[in-house]
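fold the following.
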Amino acid sequence: MQDIIKKTFGGLSAQYYFRQLFFGGLLAALVIFMTLNGNRPLDFSLIALLAVNTLLYPYSRFVYESIVNFIMGGNVFFVNAILMLMVKIITMTICWSAAIFIAPIGLAYLYYHHSKATN
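Below is the predicted model of the structure:
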């Protein structure tokens with residue numbers, strides 16, 4: 001069991017994981033801020049969902065970046081910085097809000113990749 005956890009949840013580099021965790025935490029903080037400013041209580045179910053999405057966000061983002069890297073290859077595009085920032089924020093929000101659904105794909109891939117590497 002420990003081997004499975006190491007190959008899946010330990011599959012990303014610490015630098016990548018904590019960088020993505022930071023941005024996931026910012027999105028969770030934004031949701032908490034908007035909830036409190038909307039005069040709504042913070043339910044336990046909301047806090048649990050925010051925590052799960054934040055912890056799984058790095059794996060969800062890994063899936064998204066892997067797909068984009070596969071499609072785009074090594075090409076570089078020069079676009080307006082404001083447009084690119086807006087697209088990045090939108091994709092981060094989508095990956096964070098759907099992390100509970102997207103992350104299992106990344107975890108399965110990491111397990112497969114690390115299992116294959118050890119054989």
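
flag the shaky bits of this structure, pLDDT-wise.
Regions of the chain meeting the criterion pLDDT under 70 cover residues 1-4, 6-8, 117-119.

let's go with 80 and repeat that
The chain contains residues with pLDDT under 80 at 1-12, 113-119.

can you give me the helices in it?
Here the chain has its helices, by DSSP state H, at 2-8, 14-37, 44-72, 81-97, 99-118.

grab the nearest non-local neighbour of the most centrally placed residue in the chain.
Residue closest to the average C-alpha location in the chain (C-alpha atoms, centre = their mean): Tyr57, at 2.4 Å. Beyond its immediate neighbours in the sequence, the residue positioned closest to Tyr57 (C-beta to C-beta, 6 or more residues apart in numbering) is Gly24, lying 3.5 Å away. (Each C-beta comes from the backbone N, C-alpha and C, glycine too.)

enumerate every residue touching the one you found.
Asn53, Thr54, Leu55, Tyr57, Pro58, Trp96, Ala99 (C-beta atoms under 8 Å, 6 or more residues apart in numbering).

try 7 Å
Neighbouring residues of Gly24 by C-beta atoms under 7 Å, 6 or more residues apart in numbering: Thr54, Tyr57, Pro58, Trp96.

which one (most neighbours) among these?
Within the contacts of Gly24, neighbour counts (other C-beta atoms under 10 Å) peak at Tyr57, which reaches 28 neighbours.

hmm, Ala99 and that residue touching each other?
Yes. Look at Tyr57 against Ala99 with C-beta atoms under 7 Å: they come within range, at 4.7 Å.

how many other residues sit next to Asn103?
In this structure residue 103 is Ala, not Asn. 23.

how much space between it and Leu42?
23 Å (C-beta to C-beta, to the nearest Å).

can you check Gly73 too?
Gly73 is 44 Å from Leu42, by C-beta to C-beta.

give me the more crowded residue out of the two.
Between Gly73 and Leu42, counted using other C-beta under 10 Å, the more crowded position is Leu42 (12 against 6).

for that one, which residues are in contact?
Contacts of Leu42 by C-beta under 7 Å, 6+ apart are Ile32, Thr35.
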